[in-house]
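Undergrad: sequence and predicted model, in that order:
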Amino acid sequence: MHILLAEDDQQTAQAIMDGLSPHGLTVTHAPDGVAALELAASDRGDIWVIDRMMPRLNGLDLIDELRRRGDQRPVLMLSAMSEVEDRVLGLRAGADDYLVKPFALEELLARIEVLGRRAPQSDTSATVLSCGDLELDLVARRAQRAGQIIDLLPREFSLLLFLMQHQGKTVTRDMLLEHVFQLQFDPQTNLVDVHISRLRAKLDHPFDRPMIRTIRGAGFMLEDPDAV
Amino acid sequence: MRFRHSGVQIILVFMALFTVSALAVLGLVYWQTAQLFQRELDQRVGFEVDRLTQIYNTSGRAAVIDDIQRSAENPRSAVYWFVDENGIKLAGTLDRISAIKASQDLGDGRVSLLFHDQSGDQRLRGQMRPMRAGEQIFVGHDFSVQDQLADSFITSSSLALLAILFMGAFGGWWVAHRTRYRLEEFNRLAERVMEGRLDQRIDWPRHHDEYDHLGDTINRMLDRIEGLVDAMREVGENIAHDLRTPLTRIRHQVELMQQKYHQGMSPSDAELSALLTHIDGVIDTFNALLSLARLETGVTPLEPVSVDLVALASEMVDLYAPVFEEHGARLSFNPDIREAPIMGNPALLQQALANLIENALHYGRSAPDQTVTLSIVQEKAAVSEASYAVYVADQGDGIAPDQMERALRRFGRLDPSRHHQGNGLGLPIVNAIMARHGGRLTLSAQKPHGLKVGLHFAPLSPRAHLD
């Protein structure tokens, strides 16, 4: 995957490039909004990573201009502004995701992966999701693994649904807090881990091979153990 | 020439207004007086003609001639003219009818005559009446009296107008001066505030007018701004104070790693993890301080919607119950009522409840088999004034009553060793969230031991305080 990075701080840009390259991601860097627009016309790239505050053309206006020119590539916005309304403003401007500085590189990586593979997998019409021997029936709101029905509470179902929609990809705690628990603050307890462990007790423990993997320093990943 | 100065403009406007109104009033008075004067004359003439007609009818022509001659001796008397059927003068003070230069029929037999005599032009207003045998009697009055009246009226009116103009100018000057004095005061205040002297206020003798009102509003605005600036200053000092410690620790850790590097050793995974944890702690504290500052200064609009506290609390209990179980504790939920609708910001209310629940878990840990209880009650009987309270009670060590106020302050952690987690901003944030909702937070001791935190929400109406 190729990243188009618009970031005016050279050190941040360098750190992002250094952090992403070991994961097979290449980055083209534009030092400001206007340079990013020039890049948009020439470079192919798969995903935009755009800093909100840049000289000459700020991130919000850059996204606006890109969308106006018909650039539909996913945008991840980086910002030092953390309040809910800042996030809303960023998403309204056309960003697909919003990451607050300072962030962990793992978090950035996970979000880029989600955005990058979003398009081909977003089959919203499917009513049954599957991963190996695990099946999730969205209509009956029922999960079964290897033919055995797994009794899930509503929140556990939502958690598993999110993991299945992002199977094979790292899902961070922040992503779960935001999308599954729908909390707009950082809990001071291991809330996410506790709920994941509850899900594991039902999904993994009765079976030989666990499906939910902990990705150290980043989050969790649901994957078909036989496919690895 | 254009007058840009508001004082001059006000004076000119005042003078113009005074002149126009004075002219209108004087004109009306003159017209009314003239009308009255004419009616009075017409009436007197009417009586006189009636009297002469009666004399003619009862005593004949000679009696009329005699009467007219006697009446004419009085110099202030009316003007008479009595002619026979051939137009020959029989009696009267008018010599010849042919001297009449102009006549105007005023209706009802009344006429206005302009004629000439030795003294010059004279205007008469009177009544002409034919008698039985064809004679004609005219009784009139010298109309020049009215002209004299008009002359003296104009003279005195001009004097009055001058006085009025002078008063208008003075009034304009006074209003302009008063306005300017008070505007100058606003100007001076604004300049002092711009110099950074936020404690300055409008302070002048009260006139109980709109300038006082504006002054009060500006003073209140400055109070608020000063409060905000103080709050921001305090936040700045707190950030400096509370972030310096962990940053120093981080710096020392990195220095140690650098020393090890020079000795040919690489840092261990545990060391790096500890470093990351410390950095995350700094970021958490920083974020908490920022949201607290935003809450307290009211920078962020509340955008309240209808929220059911029971449903919200139940959701938070579902979320946290597994966390409690993991720690060998229990979170129980006892709502006294089925629903508790209020106006509020759901995200902030979630955060407030989460902070209290997490605090109860952290600080209530001393109890074996601890139970944290979340309850919701309706505080007033009248449904129309429904106000609700959410209580989170733990069985920990609690807070000594004299320490409770401190617990609501920033970094007011009661545990000096700070071995508990948390950034010391949990309760202050809840407190600020409650203040934004027009409610309040209470702390009380839980029997036999423990802390009970109450969130008291104001009745649904009035909602004025909710932005």
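TA: That came through fine.

Undergrad: list the buried residues of the helix or strand encompassing B:L356.
TA: Counting by DSSP states H and E, the element that carries B:L356 is helix B:346-363. Across helix B:346-363, burial judged by 16 or more other CB atoms under 10 Å in any protein chain shown covers B:346, B:348-363. No exception for glycine: its C-beta is placed from N, CA and C like everyone else's.

Undergrad: out of these, who's near chain A?
TA: The subset of those within reach of chain A, by CB under 8 Å from any CB of the partner chain, is B:350-351, B:354, B:358, B:361-362.

Undergrad: residues contacting B:Q146?
TA: By CB atoms under 8 Å, 6 or more residues apart in numbering or on different chains, B:Q146 lies in contact with B:34, B:37-38.

Undergrad: same thing but 7 Å
TA: B:34, B:37 (CB atoms under 7 Å, 6 or more residues apart in numbering or on different chains).

Undergrad: swap in B:L290?
TA: Taking CB under 7 Å, 6+ apart as the contact definition, B:L290 lies against A:S82.

Undergrad: and the gap between it and B:A435?
TA: As judged by CB to CB, to the nearest Å, B:L290 and B:A435 stand 17 Å apart.

Undergrad: interface residues of chain B facing chain A?
TA: By CB under 7 Å from any CB of the partner chain, the residues of chain B that approach chain A are B:283-284, B:287, B:290, B:294, B:300, B:318-319, B:322-323, B:326, B:347, B:350-351, B:354, B:358, B:361, B:421-422.

Undergrad: and stretch B:218-238, which residues are buried?
TA: With burial defined by 16+ other CB under 10 Å, the residues of stretch B:218-238 counted as buried are B:218, B:222, B:228, B:235, B:238.

Undergrad: now those residues in a markdown table, with secondary structure and pLDDT?
TA: Below are these laid out as a markdown table (DSSP: H, G, I helix; E, B strand; the rest coil; pLDDT from 0 to 100):
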| residue | secondary structure | pLDDT |
| --- | --- | --- |
| B:I218 | helix | 91 |
| B:L222 | helix | 92 |
| B:L228 | helix | 80 |
| B:V235 | helix | 68 |
| B:N238 | helix | 70 |
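
Undergrad: what's the closest of these to B:S306?
TA: Of all the buried residues of stretch B:218-238, B:S306 sits closest to B:L228, with 29.4 Å by CB to CB.

Undergrad: with adjacent residues omitted, what lies nearest to the closest one?
TA: For B:L228, ignoring the flanking residues on the chain, the nearest one in space by CB to CB, 6 or more residues apart in numbering or on different chains is B:T297 at 4.9 Å.

Undergrad: which parts of chain A are strands?
TA: Along chain A, the segments classed as strands by DSSP state E run A:2-6, A:26-30, A:47-51, A:75-79, A:97-100, A:128-131, A:134-137, A:142-145, A:148-150, A:171-172, A:212-215, A:219-222.

Undergrad: adding distance to chain B, write those out as JSON lines.
TA: Shown next, in JSON lines, are the strands of chain A (distance: least, CB to the nearest CB, whole Å):
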{"stretch": "strand A:2-6", "distance to chain B": "22"}
{"stretch": "strand A:26-30", "distance to chain B": "23"}
{"stretch": "strand A:47-51", "distance to chain B": "18"}
{"stretch": "strand A:75-79", "distance to chain B": "13"}
{"stretch": "strand A:97-100", "distance to chain B": "8"}
{"stretch": "strand A:128-131", "distance to chain B": "24"}
{"stretch": "strand A:134-137", "distance to chain B": "21"}
{"stretch": "strand A:142-145", "distance to chain B": "18"}
{"stretch": "strand A:148-150", "distance to chain B": "17"}
{"stretch": "strand A:171-172", "distance to chain B": "13"}
{"stretch": "strand A:212-215", "distance to chain B": "15"}
{"stretch": "strand A:219-222", "distance to chain B": "14"}
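
Undergrad: just send these back as JSON lines, with distance to B:S103 and mean pLDDT too.
TA: As requested, these are exported to JSON lines (distance: least, CB to CB, whole Å; pLDDT from 0 to 100):
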{"stretch": "strand A:2-6", "distance to B:S103": "102", "mean pLDDT": "93"}
{"stretch": "strand A:26-30", "distance to B:S103": "104", "mean pLDDT": "92"}
{"stretch": "strand A:47-51", "distance to B:S103": "101", "mean pLDDT": "93"}
{"stretch": "strand A:75-79", "distance to B:S103": "99", "mean pLDDT": "93"}
{"stretch": "strand A:97-100", "distance to B:S103": "100", "mean pLDDT": "90"}
{"stretch": "strand A:128-131", "distance to B:S103": "116", "mean pLDDT": "88"}
{"stretch": "strand A:134-137", "distance to B:S103": "117", "mean pLDDT": "90"}
{"stretch": "strand A:142-145", "distance to B:S103": "119", "mean pLDDT": "90"}
{"stretch": "strand A:148-150", "distance to B:S103": "124", "mean pLDDT": "91"}
{"stretch": "strand A:171-172", "distance to B:S103": "113", "mean pLDDT": "92"}
{"stretch": "strand A:212-215", "distance to B:S103": "121", "mean pLDDT": "92"}
{"stretch": "strand A:219-222", "distance to B:S103": "117", "mean pLDDT": "93"}
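
Undergrad: and stretch B:152-162, how far out from the chain middle?
TA: 43 Å (CA atoms, centre = their mean, to the nearest Å).

Undergrad: B:A274 is nearest to which of the strands of chain A?
TA: Judged by CB to CB, the one of the strands of chain A that comes nearest to B:A274 is strand A:212-215, at 19.4 Å.

Undergrad: mind listing what A:L105 touches?
TA: Counting by CB under 7 Å, 6+ apart, A:L105 touches A:G19.

Undergrad: quick check, pLDDT for it.
TA: In this prediction, A:L105 carries a pLDDT score of 88.
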